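Novice: Here is the input, now give the coordinates:
(2 chains)
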Amino acid sequence: MRTFEFTRASDPAAAVRAGAQAKTAQQGADVRFLAGGTTLLDLMKLNVETPARLVDINRLPLGSIEAMPDGGLRVGATVRNSDLAHHPTVERDYPVLSQALLSGASAQLRNMATTAGNLLQRTRCMYFRDTAMPCNKREPGTGCPAIGGSNRMLAILGTSEHCIATNPSDMNVALAALEATVHVQGLKGTRTVPIGEFHLLPGPTPERETVLEPGDLVSHVTLPPPVPGSKQLYLKLRDRASYEFALASAGVVLTVASGRVTRARIALGGVGTKPWRSPEAEAALVGQPAETASFRRAAEAALQNARPQSENAFKIELAKRCLTHALATAASS
Amino acid sequence: MADDAPARRPDLTRRAFLTAAAGASAASALAGCAPTSLAAPRAAAAVDDPPTAGAVPVTLRVNGKEQRIRVDPRTTLLDCLRETLLLTGTKKGCDHGQCGACTVHVSGRRVNSCLSLAVMHDGEEITTIEGLGEGYLGEGLGTPEALHPMQAAFVAFDGYQCGYCTSGQIMSAVALLGEPCGPEDADVKELMSGNICRCGAYPNIVAAIQRVRRGA
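Specialist: Numbers count the residues shown, from 1 in each chain, chains lettered A, B, ... in the order given. Okay, the predicted model is just below:
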């Protein structure tokens, strides 16, 4: 690991000022906020991330979960994944989020990993993690050996000719289905970013993964008030039963009345370059009978623009079956 | 645990022998730690020692004992425990949070000590395998006569083969006792999935944990 200066922020404004000294908040940032450390320290050991300065934000007052006046929930940036998953309000009103969190990583990592850190979790693409290999995300312009290479785990939605890396987060998929909002404190004040706009498609600039600029500190995430009577589910398919990244996953929030779907929020994981909300699937489902044929049509719509790579064409059918099963299970719950 | 069972000469521990025998060629393995001498391992550099370039003071409370040390900021909690404080019961497996061998408790919660920096835990309570059981004396290994019930259950159920993952397994299992966990073996397997055992002692590990959970 390269040397760095370790500092601890006394308040969020100080963290913002320290972060603002970086040239970028994206890949290769020379100042990094340190929360759980589960992604950052892993990548620093690999020399994928080589910050000159770490700003420890663990002692900032960003670690609480609070009910909001509108009935929604405010989740602090440094709330640990395990605490969020087991929070009574989350278990009751946002079970898709609790399920997604508990399907990710291990109990030890969930005790460390934070809300903001999970939002910013980096891809597991092996070329990104290996500094001996070219990678447009890590070193722009060097090429993408994953295209035509080892890409079984990589994306089929939202890819570009420059990058096909998957967003690995489970939590992000649930946040997308719940239409969460990311709150950012920056040099110019605070702002909110809908979860769907927080992560960027790779396009020609895969090194840019989010809208964050130097100094931007994710302070908290808010969830809208729960939808009364909604049925929620997170379903994750993977190579082993536990402690593995998704090959395909689905987060669904459904409302069913008189046998018909009246509202649907659908997001996919393990298949997209960002947490993959599917308005196509939602549009295909609303107004339809809550039955398997409808769910399958929604799944077909969700994957209609999928582009398989050399090793992951299986993911198209896998994702369809995953979503179909998730919708059917949620609807009958 | 198992690998410490054979009687050994009190003046020559296995670790001291290996450390001395490793010689200077192993220096790079200790990069990022407080400046301890390889040939003659000693306790951690105290705060009053001449400062090392880049080293920062940290106070940890490890197994009930306050430890004031200086560490290079890069030092993981794992390397700090093993190389600076010479608490070698905690093992280094993958060093990337994937195997669980390095599991310790921070403020009562289990974490992967390899993916955490020692400086992040200034003032916090750390418990390692050496801190379990009534036999902990604050110096080195606990005694076989006063094991934590989970340690005793691992012995009774043969929850290991080579023993390398065992301290991590036990630290995870002890933490699990205080976490939300269903009653079934499958529930235990799910919550123990962050601890890998290459020998495949999983059935006996689950049996040991279930024995303790059921209070039998």
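
Novice: Could you list which residues are in contact with B:Cys99?
Specialist: B:Gly93, B:Cys165, B:Gly168, B:Asn195, B:Ile196 (Cβ atoms under 8 Å, 6 or more residues apart in numbering or on different chains). To be clear about C-beta, it is placed using only N, CA and C from the backbone, and glycine gets the same treatment.

Novice: of the residues you listed, list those near chain A.
Specialist: B:Asn195 (Cβ under 8 Å from any Cβ of the partner chain).

Novice: Could you dump the contacts of B:Cys99 into CSV with secondary structure, pLDDT and neighbour count added?
Specialist: Listed next are the contacts of B:Cys99 as CSV, based on DSSP: H, G, I helix; E, B strand; the rest coil; pLDDT from 0 to 100; neighbours: other Cβ atoms under 10 Å in any protein chain shown:
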residue, secondary structure, pLDDT, neighbour count
B:Gly93, coil, 98, 21
B:Cys165, coil, 98, 25
B:Gly168, helix, 98, 28
B:Asn195, coil, 98, 26
B:Ile196, coil, 98, 18
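
Novice: Format the contacts of B:Cys99 as CSV; extra columns: distance to A:Thr89.
Specialist: CSV is the format used below for those (distance: Cβ to Cβ, whole Å):
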residue, distance to A:Thr89
B:Gly93, 37
B:Cys165, 36
B:Gly168, 33
B:Asn195, 30
B:Ile196, 34
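
Novice: got any ranges where chain B has weak pLDDT?
Specialist: B:1-53, B:134-145, B:216 (pLDDT under 70).

Novice: Do a quick rundown of the strands in it.
Specialist: When assigned using DSSP state E, the strands of chain B occupy the ranges B:56-62, B:65-71, B:103-106, B:109-112, B:125-127.

Novice: was I right about A:Thr78 contacting A:Ala35?
Specialist: Yes: counting by Cβ atoms under 8 Å, A:Thr78 does reach A:Ala35; the two are 5.4 Å apart.

Novice: Compare those two and say which is more crowded by neighbours.
Specialist: Per other Cβ atoms under 10 Å in any protein chain shown, whichever of A:Thr78 and A:Ala35 has more neighbours is A:Ala35, with 28 against 24.

Novice: do you know how far the more buried one is from A:Ala29?
Specialist: Distance check for A:Ala35 against A:Ala29: by Cβ to Cβ, to the nearest Å, it reads 14 Å.

Novice: ok, now B:Asn195?
Specialist: Applying Cβ to Cβ to B:Asn195 and A:Ala29 gives a distance of 33 Å.

Novice: just B:Glu124 next, same as before
Specialist: 27 Å.

Novice: Same drill for these two, tell me which one is more crowded.
Specialist: Remark: of B:Glu124 and A:Ala29, A:Ala29 carries more neighbours, 19 against 14, as counted by other Cβ under 10 Å.

Novice: what's the first-to-last distance across stretch A:297-309?
Specialist: 23 Å (Cα to Cα, to the nearest Å).

Novice: ditto for stretch A:230-245
Specialist: End-to-end for stretch A:230-245, by Cα to Cα: 27 Å.

Novice: same deal with stretch A:285-298?
Specialist: This stretch, stretch A:285-298, spans 6 Å end to end (Cα to Cα).

Novice: Within range of chain A, give me the residues from chain B.
Specialist: Residues of chain B lying near chain A (Cβ under 8 Å from any Cβ): B:32, B:54, B:56, B:72-74, B:76, B:95-97, B:100, B:103, B:109-112, B:115-117, B:119-120, B:172, B:175-176, B:179-180, B:189-195.

Novice: Pull out the buried members of the residues you listed.
Specialist: For the residues of chain B next to chain A, a burial check counting by 16 or more other Cβ atoms under 10 Å in any protein chain shown picks out B:32, B:56, B:72-74, B:76, B:95-97, B:100, B:103, B:109-112, B:115-117, B:119-120, B:172, B:175-176, B:189-195.

Novice: Tell me which of those fall in helices.
Specialist: B:Ser172, B:Ala175, B:Leu176, B:Lys189, B:Glu190, B:Leu191 (DSSP state H).

Novice: need those in JSON lines with distance to A:Leu201, can you?
Specialist: Below are these laid out as JSON lines (distance: Cβ to Cβ, whole Å):
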{"residue": "B:Ser172", "distance to A:Leu201": "38"}
{"residue": "B:Ala175", "distance to A:Leu201": "40"}
{"residue": "B:Leu176", "distance to A:Leu201": "40"}
{"residue": "B:Lys189", "distance to A:Leu201": "38"}
{"residue": "B:Glu190", "distance to A:Leu201": "34"}
{"residue": "B:Leu191", "distance to A:Leu201": "36"}
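
Novice: which two in those are spaced the farthest apart?
Specialist: Within these, B:Ala175 and B:Lys189 form the most distant pair, 15.5 Å apart (Cβ to Cβ).

Novice: Looking at chain B, which residue is nearest chain A?
Specialist: Across chain B, the shortest distance to chain A (Cβ to the nearest Cβ) belongs to B:Gly194, at 2.4 Å.

Novice: excluding its backbone neighbours, what's nearest that residue?
Specialist: Computed as Cβ to Cβ, 6 or more residues apart in numbering or on different chains, the closest residue to B:Gly194 that is not its neighbour in sequence is A:Ser106, at 2.4 Å.

Novice: For stretch B:207-216, list every residue counted as buried.
Specialist: Result for stretch B:207-216 [16+ other Cβ under 10 Å]: buried residues B:Ala207, B:Ala208, B:Ile209, B:Gln210, B:Arg211, B:Val212, B:Arg213.

Novice: Whatever residue of chain A ends up closest to chain B: what's it in contact with?
Specialist: With Cβ to the nearest Cβ, the shortest gap between chain A and chain B falls at A:Ser106, namely 2.4 Å. When contacts are counted by Cβ under 8 Å, 6+ apart, A:Ser106 touches A:Ser242, A:Tyr243, B:Gly100, B:Ser193, B:Gly194, B:Asn195.

Novice: can we see that at 10 Å?
Specialist: Contacts for A:Ser106 (Cβ atoms under 10 Å, 6 or more residues apart in numbering or on different chains) come out as A:112-113, A:242-243, B:97-100, B:103, B:110, B:112, B:172, B:190-196.

Novice: same check, this time on A:Ser258
Specialist: Going by Cβ under 10 Å, 6+ apart, A:Ser258 touches A:Pro289, A:Ala290.

Novice: Equivalent analysis for B:Val56, please.
Specialist: Contacts for B:Val56 (Cβ under 10 Å, 6+ apart) come out as A:Glu5, A:Phe6, A:Thr7, B:Ile69, B:Arg70, B:Val71, B:Asp72, B:Pro73, B:Thr75, B:Ala118, B:Val119, B:Asp122.

Novice: so where do the helices sit in the stretch 151-300 of chain A?
Specialist: Using DSSP state H, counting those that start in this stretch, the helices of the stretch 151-300 of chain A run over A:171-177, A:195-198, A:279-285, A:292-302.

Novice: Highest mean neighbour count out of those?
Specialist: helix A:171-177 (a mean of 30; mean count of other Cβ atoms under 10 Å in any protein chain shown).

Novice: hmm, that helix in reach of chain B?
Specialist: No: using Cβ under 10 Å from any Cβ of the partner chain, helix A:171-177 stays clear of chain B, coming no nearer than 16.8 Å.

Novice: count of residues packed around A:His86?
Specialist: 16.

Novice: Okay, strands next: where are they in chain A?
Specialist: Going by DSSP E, chain A shows strands at A:5-8, A:31-34, A:53-56, A:65-67, A:73-76, A:181-186, A:189-194, A:217-223, A:231-237, A:248-257, A:260-269, A:276-277.

Novice: Fine by me, we can end here.
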